[in-house]
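Chemist: how would this look folded up:
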Amino acid sequence: MTPTQLADAVLRSVRDAADAGELPAGTASGADDALLRRPPHGDADWSTGIALRLAGP
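Modeler: This next block holds a predicted model:
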């Protein structure tokens with residue numbers, strides 16, 4: 001799986017959860033992209049801050 005495919009899968013999961021009513025209304029609008037990065041402490045894992053953006057203040 002490429003990083004682009006992984007980002008697409010994350011976004012699809014967020015949108016599916018929003019469509020199913022598992023996220024508050026309008027929450028998925030904050031998920032315009034799933035920026036993936038490799039944490040500095042690891043060289044095989046990918047991470048994204050999308051959960052923190054969806055959590056809100």
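
Chemist: so residue 37 touches residue 7, yeah?
Modeler: No - counting by CB atoms under 8 Å, residue 37 stays clear of residue 7, with 10.7 Å between them. C-betas here are computed from N, CA, C, even on glycine.

Chemist: can you give me phi and psi for the closest residue to residue 1 other than its chain neighbours?
Modeler: Spatial nearest neighbour of residue 1, excluding adjacent residues (CB to CB, 6 or more residues apart in numbering): residue 9 at 7.7 Å. Per-residue torsions, residue 9: phi -70, psi -40 (degrees, to the nearest 10).

Chemist: any idea how far residue 9 is from residue 41?
Modeler: Using CB to CB, to the nearest Å, residue 9 is found at 23 Å from residue 41.

Chemist: where does residue 29 land on pLDDT?
Modeler: Looking at residue 29, its pLDDT stands at 66.

Chemist: related to what we said a few turns ago, and the residue nearest to residue 1, how many neighbours?
Modeler: By the criterion of other CB atoms under 10 Å, residue 9 has 12 neighbours.

Chemist: that's all I had, so thanks and see you.
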